[in-house]
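>>> From the sequence below, what's the structure:
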Amino acid sequence: MSKNKNMESFIENAIENKTEEESRLVFIDEEMFGTPRITIIGCGGAGGNTITRLNKLGVKGADTIAINTDKQALDLVEADHKLLIGGRITRGLGAGGFPDVAERAARESSHEIEDLIKGSDLVFITAGMGGGTGTGSAPVVAEIARKHNAVVTCMVSTPFNVERARLIKADEGLDSLRVKADSTVVLDNNRLLEFVPNLPINQAFSVMDQMIAETVKGLSETITVPSLINLDYADMKTIMSQGGLSVMLWGEAEEDAGVDTIVQEALNHPLLNVDYTGANGALVHITGGPNMSLKYVQDVAKSLTQDLDCYSNVILGARVAPEFKGKCRVMAIMTGVQSPNLLGPKSASVAEQIPVKAVASSKFDIDFVR
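A predicted model of the protein is given here:
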């Protein structure tokens, strides 16, 4: 038998054994191991809109919660759980645009919030900054989640520049929020003017809601849906606990469009201004169709992380899904980035932040976590 035939036989045996292993692994996972509890909370009107969109998209392995001081607005939200906060303070009529009222309302209902969050491993909080309920309640929710040892990531939007008073409230709200969360991603409504300037206003805001919803959904399912190269809650916690500022990336393209296209889709975020140079950690997950090769996965990860610090911790996951035939999606969390749109527990306020150019390096290591 020739050397090539020996190798072909070896590969065939490996594939056959892999199929048997996967069937046994499914049994082991179901019988012996639990999954992390992921909770997604929308605070206020903007947060509620994102929760509704998430429920329409469907998120595997995550619970959605909407909280508000306005009963009428809350009734319109689609969520697994809804909570009207501060009933004695606002009587369900809203916070009137006052964050301090919403904060008191959240603290009045802190036990109910705690009951909904208790036991969560990862908590996403979405809200709009500059109004009343989202601005005032989101920091309280983040504080309660951190109290129960959850990893807390906030995704919030800020007002248009013309909304002067709301900008001041948004900046104050962000200062309160950043010290309570592990990481806060700030999405600027003003960038909608550059990205979708001619869309009707309701449709333009839906673009922001969709982007937040898709990102949260993708990251949640990254650690709850079994993969070829698995990522789990511990991987995410490792990356998020490295400190500094974090950014979540999302990109999708046709597989035959090439590696550069999918990477540029992820890096050139239309609603976020970020300098990735010198980032100190990355969690990368790539989803593709049945024909996605190991080399393609490696090339995408290499291109995506080539400008990271030479000592950066890169953890890679990959999943093959039939519905992704002919296309590829990349999701990533990068830590230690620079941006006026990102806030961490030790960050200055948005107005004070000045991006600093870090030292670039093309050397990195990738850990394949199975």
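
>>> hang on, Glu265 packs against Ala253?
Yes. Glu265 lies in contact with Ala253 (Cβ atoms under 8 Å); the separation is 5.3 Å. Bear in mind the C-beta positions are built from the backbone N, C-alpha and C, glycine included.

>>> Give the residues shared as contacts by these two.
Shared contacts of Glu265 and Ala253, defined by Cβ atoms under 8 Å, 6 or more residues apart in numbering, are absent.

>>> For the stretch 201-350 of the chain, which segments count as strands?
Secondary structure of the stretch 201-350 of the chain (DSSP state E, counting those that start in this stretch): strands located at 246-254, 281-288, 313-320, 327-335, 342-343.

>>> Could you dump the ones you listed into a markdown table and include mean pLDDT and mean neighbour count?
Output for these, formatted as a markdown table (pLDDT from 0 to 100; neighbours: other Cβ atoms under 10 Å):
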| stretch | mean pLDDT | mean neighbour count |
| --- | --- | --- |
| strand 246-254 | 78 | 20 |
| strand 281-288 | 86 | 26 |
| strand 313-320 | 86 | 22 |
| strand 327-335 | 84 | 24 |
| strand 342-343 | 58 | 25 |
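
>>> For the helix or strand harbouring Glu194, buried residues please.
Using DSSP states H and E, Glu194 maps to helix 190-195. By neighbour count on 16 or more other Cβ atoms under 10 Å, the buried set for helix 190-195 is Arg191, Leu192.

>>> any idea of the mean pLDDT for it?
On average, the pLDDT along helix 190-195 is 78.

>>> and if you look at stretch 200-212?
Stretch 200-212 carries an average pLDDT of 79.

>>> cool, and stretch 295-306?
The pLDDT scores in stretch 295-306 average 89.

>>> which residues sit against it?
Residues outside stretch 295-306 that contact it (Cβ under 8 Å, 6+ apart): 229, 249, 255, 259-260, 262-263, 266-267, 282, 284, 286, 288, 312, 314, 316, 318, 328, 330, 332, 362, 364, 366.

>>> Of all the residues in that stretch, which ones are buried?
Judged by neighbour count (16+ other Cβ under 10 Å), stretch 295-306 contains these buried residues: Tyr296, Val297, Gln298, Asp299, Val300, Ala301, Lys302, Ser303, Leu304, Thr305.

>>> residues in contact with Ile144?
If you count contacts by Cβ under 8 Å, 6+ apart, Ile144 has them with Ser110, Ile113, Glu114, Ile117.

>>> Go again with 6 Å.
For Ile144, the contact set (Cβ atoms under 6 Å, 6 or more residues apart in numbering) comprises Ile113, Glu114, Ile117.

>>> What subset of the residues you listed is buried?
Judged by 16+ other Cβ under 10 Å, buried ones among those: Ile113, Ile117.

>>> out of the contacts of Ile144, which are inside helices?
Ile113, Glu114, Ile117 (DSSP state H).

>>> Skipping adjacent residues, who's closest to the second one in space?
For Glu114, ignoring the flanking residues on the chain, the nearest one in space by Cβ to Cβ, 6 or more residues apart in numbering is Ile144 at 5.4 Å.

>>> which stretch of helix or strand covers the one you found?
In this assignment (DSSP H and E), Ile144 forms part of helix 133-147.

>>> Please name the nearest non-neighbouring residue to the residue nearest the centre of the chain.
Centroid check for the chain by Cα atoms, centre = their mean gives Val216 as the closest residue, at 4.2 Å. Leaving aside its chain neighbours, Val216 sits nearest to Phe124 (5.0 Å; criterion: Cβ to Cβ, 6+ apart).

>>> What strand or helix carries Glu78?
Here Glu78 is assigned to no helix or strand, by DSSP H and E.

>>> so who does it touch?
Residues in contact with Glu78 (Cβ under 6 Å, 6+ apart) are Thr52, Asn55.

>>> Just the pLDDT for it.
pLDDT recorded at Glu78 is 95.

>>> where's it relative to Ile229, distance?
Separation of Glu78 from Ile229 (Cβ to Cβ, to the nearest Å): 33 Å.
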